[in-house]
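> Next one to model:
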Amino acid sequence: MIERNPFFKHIGFELVNSSEKEILLKLSIKTDLLNTNKTLHGGVHASMLDTVQSIALRSLYQCPVTAMNLDVHYFAPANTGYLFARAKLLQKGYKMAVLEAEIIDENTTLIAKGTGTYKIVRNA
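I've put the predicted structure just below:
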C-alpha cells in the first residue's frame, strides 16, 4: 500500500524487505534531492527515517499511525549511490510507540539516525 503513496514515489523510496523481523527501505540518490551544498537534503533524511518507522509500526499494529515527534541526527553527507534505512522498536504502547531508525550508505557508513514518537490511530 505504501508504494502507491505519491510522496513515496516522488522521493524514490523502494521497500526492499517488509517482514515481521525487518523493514528495509532503499533510496537511490538523485540530483534533484540534493541541496545547495550538493549533498542530500536533510528533509530527505527525515522523510526516510519517518517513513521506515511508520511502515514498521503500521505492520505491527495493523492500523494508521501519525508522527508526534521526530529527532534527527546527521552524521555524514551523501550525494551519490544508495541509502538504506531500518527501524527498531524501542517502546510499544497502546496509544503511542517510540522507535529508532538509522540510515546507512552502501559502504555501511552511518549517514543519519533518528528517534520518533508515534500516535497509534485505532479505529480510523
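
> Show the contacting residues for the residue nearest in space to the middle of the chain.
Nearest residue to the geometric centre of the chain (CA atoms, centre = their mean): residue 49, 2.6 Å. For residue 49, the contact set (CB atoms under 8 Å, 6 or more residues apart in numbering) comprises 70, 72, 85, 101, 103, 112, 113, 114, 116. Where you see a C-beta, it was placed from the backbone N, CA and C, and this is true even at glycine.

> Find me the pLDDT at the fifth one, would you?
The score at residue 103 is 98. That number is its pLDDT.

> when you give positions from now on, start the count at 477
Let's use 477 as the start, then, which means that last one is residue 579.

> Which residues does it form beta bridges with?
Judged by DSSP bridges, the bridge partners of residue 579 are residue 561, residue 588.

> do the same with the second one
With DSSP bridges applied, residue 548 shows beta-bridge pairing to residue 590.

> Now do the buried residues in the lengthiest helix in the chain.
The single longest helix within the chain, with elements called by DSSP state H, is helix 518-537. Using 16 or more other CB atoms under 10 Å as the burial criterion, the residues of helix 518-537 that qualify are 520-534, 536-537.

> pretty sure residue 542 contacts residue 595?
Yes - if you go by CB atoms under 8 Å, residue 542 and residue 595 touch, sitting 5.0 Å apart.

> Same drill for those two, tell me which one is more crowded.
residue 595 (15 against 11; other CB atoms under 10 Å).

> who's in contact with the more buried one?
541, 542, 543, 544, 571, 572 are the contacts of residue 595 under CB under 8 Å, 6+ apart.
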